[in-house]
Structures are given as C-alpha cells and as structure tokens.
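Undergrad: coords please:
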Amino acid sequence: MACSCSRVLRAHSPPVQNVEWFNNPARFLDPYRFRVTFECIAPLKDDLEWRLIYVSSPGDEDLDQELDDCLVGPVPVGVNSFDFEGTPPNPSKIPTDDVLGVAALILTGSYKDQEFVRVGYYQNTEYDNDEMKENPPNPIIFERLVRDISTRFRVTRFQIKWDVAPLQQGRPAAAGAAASAAVPSADDLDSPVDTGTVVGQKANGASS
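TA: As a prediction, this is how the structure comes out:
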C-alpha cells in the first residue's frame, strides 16, 4: 500500500476537506487511489490512522473487508493531505448475490484507537458490456467487472479524547474535544450528509 503525506497551506475548514479519487470509474480488481485533505487544529503526539473498508453485505459486519490502512504523522498544525492506495476487495469473501449492484465503501480516521470521522460512499459494480449486464455469466467473471463510486456520500464525526496540554496558568486544556462518543458499526451509512464538508471531488491526476 502506498501512502505519502504533504502539507498544504489553506484557510480554516472542517477536519476532512476533500477526498479526490484518481481512478474512478475503474476495474473492480484495480486498487483504490485517492487523496485525503484534512485540517489539524493542534499538534498531535501520535499518528492518525486511516482505514478503507468495503461493505458488501450491510447488516452482516463479519463480511466487511478492511482493504488497507495508513498511518499519517507527524501531523503539523494546518491543512494536510496524503495519498492513499488500497487493495481491491477479495472476491472469495463476497457472497455471490452481493457482488453485482450497490455496496458501501467507508473511509475512517482514528486517533489513539478512537474513530473521529467516517466518510461513506456507495459503489456500484456491473459488467463492462451490455450483453453480460443482461445475461450475467455464472460463475462471475471478476476481470470483466467495473466499479463506479457515487458522488453521494455520508460524513459522520465523533467526539473523542484528544491530547491534553497544560496552560501557562497550570490548568490543563484539551487539544480537541474532551468527551467521547460511541462508534456505530462499519455498515452504518444512514447519518445525515455533512454539508459543511466538501468530499468526493475527482482529481485530474495525482501529484507528489
């Protein structure tokens, strides 16, 4: 898995500013390639962990596939971006009835094993020609499948315990929210759209 991080200087904005897809649509068996841009409002002692999850069967979490994860750090204050390349789903772990049609793709961000953001997309999978679409072969020919990630998305944020730094007066101050919240299951895409975050734009190409 490839993961590189660079700093981008921009104005104040929500934690996750954008997810730029470099290869969408693509072959089902192609890796996922995208760039995440996010803001850090205070220095962090530890790395941020980002995970990409494929949900083929909503309601059955045992069938979720974690495609890849990426540690990003150290993270400076300001707006940062990193490139993520994730492996495609393992076909043998997807029920035959759930291969074609709509599945879910989820990107999560965590700090010290606490999830603070989740971006969920819908992915449609179909054959690359009309004949196979009308008469799907049995068994499935995965090399002939294409995926298309919808611009529709869901953003969910969670309050977590961030690092605590002492003030000059000796009173502690949290570098982020001090409260924590329960994290729903990976197949939960029913939370409202976060209209304050711009997510899902397609990039013209990757840059280092």
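
Undergrad: Buried residues in the helix or strand where Thr125 lies, which are they?
TA: Assessed by DSSP states H and E, Thr125 sits inside strand 114-127. For strand 114-127, a neighbour-count test (16 or more other CB atoms under 10 Å) marks 114-123, 125-127 as buried. C-beta: built from backbone N, CA, C; applies to glycine.

Undergrad: got a list of contacts for the following helix or strand past that strand?
TA: Elements were assigned by DSSP H and E; along the chain past strand 114-127, the next helix or strand is helix 130-134. Contacts to helix 130-134, defined as CB atoms under 8 Å, 6 or more residues apart in numbering, come from residues Glu126, Tyr127, Ile141, Arg144.

Undergrad: Surely the second one is in contact with Arg144?
TA: Yes - judged on CB atoms under 8 Å, Tyr127 makes contact with Arg144 at a distance of 5.5 Å.

Undergrad: low-scoring stretches of this protein, by residue?
TA: Along the chain, the model assigns pLDDT under 70 to residues 1-14, 164-208.

Undergrad: in it, which spans are strands?
TA: In the chain, the strands defined using DSSP state E lie at 3-8, 16-21, 26-27, 32-40, 48-55, 65-72, 78-86, 101-111, 114-127, 145-157, 164-166, 172-174.

Undergrad: For those, could you give me CSV that also reports distance to Lys133?
TA: Output for those, formatted as CSV (distance: least, CB to CB, whole Å):
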stretch, distance to Lys133
strand 3-8, 35
strand 16-21, 23
strand 26-27, 16
strand 32-40, 23
strand 48-55, 22
strand 65-72, 25
strand 78-86, 26
strand 101-111, 11
strand 114-127, 5
strand 145-157, 10
strand 164-166, 55
strand 172-174, 53
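
Undergrad: between those, which one is nearest to Ser92?
TA: strand 65-72 (10.5 Å; CB to CB).
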